[in-house]
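Q: Make a model of this:
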Amino acid sequence: MKTMQTAALLLAMIGAASATVYYEDTFGDDWASRWVQSTSKEDEGARGDFTLTAGKWHGEDAEAAKGIQTGPDARFFAYSSKMPKVFNNAGKDLVLQFSVKHEQSLDCGGGYIKLMGGDLDQKTFNGDSEYAIMFGPDICGYSTKRVHVIFNYKGENHLIKETIACETDELTHVYTLIVRPDNSYSVLIDNEEKATGSLKDDWDMLKPKTIPDPEASKPEDWDERAMIPDESDVKPEGYDEIPAKIPDPDAAKPEDWDDEDDGEWEAPMIPNADFKGPWVQKQIENPDYKGIWKPDDIANPEFVDDDNLYQRGDMKHVGFELWQVKAGTIFDNVLVTDDAEYAKDFATKTWGAAKDAEKAMFDEIKKVEAEEEEAARAAAEAEMADQADEEDEYEDAEGEEAHDEL
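A: Below is the predicted model of the structure:
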């Protein structure tokens, strides 16, 4: 049986540093004792369920590979789990990490996790429930294939401005978010940094430091024309008299043309090579061009700096709240800690130890499926050929019978 990694508070030593693990779950047979399914969407028949499974392909240890999988299709999923100790990240790193396997080749749906406060009603957990962080991949068609990083700040949700590409294959991948007290952040996929920067710069949580001067106005002599007409360029005399078409000089009246019966013969019209179209005055660079005017920036009176932007308040719950058109995603190895090195080591020991074996099993399964599809296609073609032969033989027999009767 898979060794249970409960959601209990763990204290782990990594080298000389002490990592506080606020939540850690690798999903054993008792997972449902820690996760509460919301009643949201139940009355509408649109509520989906999580089931424990290692999936179709996984590492050598099937028990260790087990996670919770979404199903059935076209459902809302809402499950949450309570952390045994409140995590307030004031003065600490915040690390949120979990693994995602879109075994169904997700075409439209979420694969993200949420961190929430202690006031969450787990039984009614839904898309309107307030959260501190929403993090993870979101896929829908060709337009949306990104990693969401959303922070709630003063009651409003703010999505990261940068587009971080997510993984879209059918294998397991680990997503890690690190938020630091210096208001910096990093997003890692499979222990590799994909984005890093400042919370102040990469979100619109704060008002801008500067704004265009609302009192400024464009000077009357400001010239925004990059090009101007060349006044020295004058339309040639007789230019407008040149016709667009002229009679074909090489045409000749047919010998059988009768002016009395056919009317006066006229040569067909052809394009005139001398016709240049409507005359347009040449354009030259404007020596007085000053560029497109814009007001100078001034200090924004509404800007208020916040060096505690990174603080997420008292976090008490983790949860998955999402919609999927095609279900089948497997979530595993959920971790909330204050130590990025612990998270990296945890990912290495879980996902890292199994990824090669999972890929090998995936490749073998896909190979067998391809061979079966090819065999089925060949069998179908052979059956169609046999049917065609039988029809030909039947038609030949009918023809011979009709000939004998004659």
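Q: Output the below-cut-off pLDDT ranges for this structure.
A: For the chain, the stretches flagged by pLDDT under 70 are 1-17, 392-406.
Q: Show me where it has its helices.
A: Counting by DSSP state H, the chain has helices at residues 199-202, 259-262, 340-347, 353-405.
Q: Deepest in the core, which of those helices is it.
A: helix 340-347 (a mean of 21; mean count of other C-beta atoms under 10 Å). In this view, the C-beta of every residue, glycine as well, is placed from N, C-alpha and C.
Q: Keeping just the C-alphas, turn that helix into CSV.
A: What follows is helix 340-347, C-alpha atoms only, in CSV (Å, rounded to 0.1, in the frame of the first residue of the first chain):
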residue,chain,number,x,y,z
ALA,A,340,12.0,26.5,-2.2
GLU,A,341,14.9,23.9,-1.8
TYR,A,342,12.6,21.5,0.0
ALA,A,343,10.0,21.9,-2.8
LYS,A,344,12.7,21.2,-5.4
ASP,A,345,13.9,18.1,-3.6
PHE,A,346,10.3,16.9,-3.2
ALA,A,347,9.7,17.3,-6.9
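Q: From the rest of the structure, what touches that helix?
A: 12, 14-15, 17, 19, 21, 24, 93, 95, 97, 99, 174, 176, 178, 186, 190-191, 333, 335, 337 (C-beta atoms under 8 Å, 6 or more residues apart in numbering).
Q: The helices of the chain into a markdown table, with extra columns for distance to residue 233?
A: Output for the helices of the chain, formatted as a markdown table (distance: least, C-beta to C-beta, whole Å):
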| stretch | distance to residue 233 |
| --- | --- |
| helix 199-202 | 50 |
| helix 259-262 | 48 |
| helix 340-347 | 67 |
| helix 353-405 | 68 |
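Q: Go through those helices and name the closest to residue 63.
A: Nearest of the helices of the chain to residue 63, taken as C-beta to C-beta: helix 353-405 at 11.4 Å.
Q: and that closest one, what does it pack onto?
A: strand 172-179 (3 or more C-beta pairs under 8 Å, 6 or more residues apart in numbering; DSSP states H and E).
Q: now the strand it packs on, how far from the chain's geometric center?
A: Relative to the mean C-alpha coordinate of its chain, strand 172-179 is positioned 16 Å out (C-alpha atoms, centre = their mean, to the nearest Å).
Q: tell me what that strand is packed against?
A: When contacts are defined as 3+ C-beta pairs under 8 Å, 6+ apart, strand 172-179 packs onto strand 94-102, strand 133-140, strand 184-189, strand 329-337, helix 340-347, helix 353-405.
Q: which one of those lies closest to residue 262?
A: Distance to residue 262, taken as C-beta to C-beta, is lowest for helix 353-405 among the helices and strands packed on strand 172-179, at 60.3 Å.
Q: Verify the stated contact: residue 120 with residue 318.
A: No - taking C-beta atoms under 8 Å as the definition, residue 120 is not a contact partner of residue 318, at 10.2 Å.
Q: Would you mind putting the helices and strands packed on strand 172-179 into CSV with distance to residue 49 alongside?
A: Listed next are the helices and strands packed on strand 172-179 as CSV, based on distance: least, C-beta to C-beta, whole Å:
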stretch, distance to residue 49
strand 94-102, 17
strand 133-140, 20
strand 184-189, 27
strand 329-337, 13
helix 340-347, 27
helix 353-405, 24
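Q: right, and these - which one's nearest residue 257?
A: Nearest to residue 257, of all the helices and strands packed on strand 172-179, is helix 353-405, at 60.8 Å by C-beta to C-beta.
Q: any idea how far residue 248 lies from residue 257?
A: The gap separating residue 248 from residue 257 is 15 Å, by C-beta to C-beta, to the nearest Å.
Q: For residue 312, find the nearest of the helices of the chain.
A: Within the helices of the chain, the stretch nearest residue 312 is helix 199-202; the backing value is 10.9 Å (C-beta to C-beta).
Q: Mind exporting the C-alpha coordinates of the closest one to CSV?
A: Output of helix 199-202 as CSV, limited to C-alpha atoms (Å, rounded to 0.1, in the frame of the first residue of the first chain):
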residue,chain,number,x,y,z
LEU,A,199,5.0,41.6,-8.0
LYS,A,200,4.9,45.3,-8.3
ASP,A,201,5.8,45.3,-12.0
ASP,A,202,4.1,42.2,-13.4
